[in-house]
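Student: What would the 3D arrangement of this be:
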Amino acid sequence: MNKVILMGRLTRDPEVRYTQTNNTLVASFSLAVNRRFARQGEERQADFINIVAWSKLGEFCSKYFKKGQQVGVIGRIQTRTWDDDQGTKHYITEVVAEEAYFADSKREGDGSNAFENTFGNTAPGNMGADFEVSSSDDLPF
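Tutor: Below is the predicted model:
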């Protein structure tokens, strides 16, 4: 089984590209994921994980994710290789996102409510689900 669950902060805004063959959107960004433990007397370490999100999920990430924001990503690890123009082989390991979530308690600066942040499920089957909340008085909690 190949499944990765990460929570971290974006190190940069997502970068959007389109494939040459069929013009499919792909967003890439990296997460700074804190390690669980720190050695005594040392500062907590972080790993920097490259993430790619395709199509609708990539569009969502590029539109709503910003540098410094804490997000959750569920996906799979992928490794690939390619040769550059000089014939040098390059290797990369990245996470292909299958789901992405807001993990901050509140997104700063946009006035969105907690309902949108908590239920930010962007799993491929839920991309078409839109919620309309006219006011916080309509919420059952």
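Student: What is the neighbour count of V26?
Tutor: The tally of other residues near V26 (other C-beta atoms under 10 Å) stands at 19. For every residue, glycine as well, the C-beta is placed using N, CA and C.
Student: Against which helices or strands is the helix or strand where it lies packed?
Tutor: Element membership for V26 (DSSP states H and E) is strand 25-34. Strand 25-34 makes packing contacts with strand 4-10, strand 15-18, strand 46-54, helix 55-64 when contacts are defined by 3 or more C-beta pairs under 8 Å, 6 or more residues apart in numbering; DSSP states H and E.
Student: Relative to V33, which of the ones you listed is closest?
Tutor: Taking C-beta to C-beta, strand 4-10 is the member of those nearest to V33, at 3.7 Å.
Student: can you list contacts of that closest one?
Tutor: With C-beta atoms under 8 Å, 6 or more residues apart in numbering as the contact definition, strand 4-10 has outside contacts at 29-34, 46, 49, 51, 65-77, 95, 103.
Student: Next: stretch 46-64.
Tutor: By C-beta under 8 Å, 6+ apart, stretch 46-64 touches 6, 8, 11, 14, 16, 24-35, 73, 75, 78, 92-100, 102, 120, 122, 124, 127.
Student: let's see it at 6 Å
Tutor: 14, 16, 25-34, 73, 94-97, 100, 122, 127 (C-beta atoms under 6 Å, 6 or more residues apart in numbering).
Student: Helix or strand with the lowest mean pLDDT in the chain?
Tutor: Of all helical and strand segments in the chain, the minimum by mean pLDDT, DSSP states H and E falls on helix 114-118, at a mean of 37.
Student: Next, format the helices and strands packed on strand 25-34 as JSON lines and append mean pLDDT and distance to Q86.
Tutor: Formatted as JSON lines, these follow (pLDDT from 0 to 100; distance: least, C-beta to C-beta, whole Å):
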{"stretch": "strand 4-10", "mean pLDDT": "97", "distance to Q86": "32"}
{"stretch": "strand 15-18", "mean pLDDT": "96", "distance to Q86": "22"}
{"stretch": "strand 46-54", "mean pLDDT": "96", "distance to Q86": "23"}
{"stretch": "helix 55-64", "mean pLDDT": "96", "distance to Q86": "30"}
